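>>> Sequence first, then the predicted structure:
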Amino acid sequence: MNKRKLLLAALLGAFVAHASAQFTGPSVAGSASTVQQAQQARLGSYLTLTGHIVAHQREHYYLFRDASGELRVEIEPAVWQGRRIGPETQVRLHGEVDQGLRGRYLWVKTLQPVN
């Protein structure tokens, strides 16, 4: 009986994942913003920034720069997806504005190189 429930749960989970992958409507992607706007945004806001990752600070923290200024960003290893990104590569970051002991930062959910 437990095997049946487990199999049913797995099938339902696969169906739900497939259904959401087919969605073509608007998303909560966050508005295009600048570093200056990110520094004033409400905590928990989702923003999209375009610029350059210019330095590694420590662990998963990096320094991001656009024309309006610099902001610390947190990028987990899975977000990099094995890509090699240097300071010369323009990127688009989508993430959540957060604040820690060292101040405000963007917790990056997705990173895309910009051509």
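Yep, it's here. Residues are numbered from 1 along each chain as shown.

>>> what ranges do the strands span in this structure?
31-33, 46-58, 61-66, 69-74, 90-100, 103-113 (DSSP state E).

>>> Settle this for me: Ile53 is touching Ile85, isn't it.
Yes: applying C-beta atoms under 8 Å as the test, Ile53 and Ile85 come out as touching, 6.1 Å apart. Glycine gets a C-beta too; all of them are placed from N, C-alpha and C.

>>> Compare those two (neighbour count), which wins?
Ile53 (20 against 15; other C-beta atoms under 10 Å).

>>> Next one: the closest residue to that one other than its chain neighbours from Arg42, what distance?
In space, and not counting its chain neighbours, Ile53 is closest to Tyr62: 5.0 Å by C-beta to C-beta, 6 or more residues apart in numbering. Using C-beta to C-beta, to the nearest Å, one gets 23 Å for the distance from Tyr62 to Arg42.

>>> Pick out whichever of the two has more residues nearby.
Tyr62 (21 against 6).

>>> show me the contacts for that one.
By C-beta atoms under 8 Å, 6 or more residues apart in numbering, the residues touching Tyr62 are Ile53, Val54, Ala55, His56, Arg72, Val73, Glu74, Ile75.

>>> residues in contact with Ser68?
With C-beta under 8 Å, 6+ apart, Ser68 has these contacts: Thr34, Val35, Gln36, Gln37.

>>> State the distance from the second one to Leu49.
According to C-beta to C-beta, Val35 stands 7 Å off from Leu49.

>>> got any ranges where the chain has weak pLDDT?
Along the chain, the parts satisfying pLDDT under 70 run over 1, 5-30.

>>> Need the residues touching each of Ile53 and Ile85.
Val91.

>>> Thought Tyr105 was touching Asp98, still the case?
Yes: between Asp98 and Tyr105 there is a contact under C-beta under 8 Å: 5.9 Å.

>>> what sits in contact with each of the two?
Joint contacts of Asp98 and Tyr105 (C-beta under 8 Å, 6+ apart) are Glu74.

>>> related to what we said a few turns ago, between Val35 and Leu49, which has more neighbouring residues?
Between Val35 and Leu49, counted using other C-beta under 10 Å, Leu49 has the larger neighbour count: 24 against 19.
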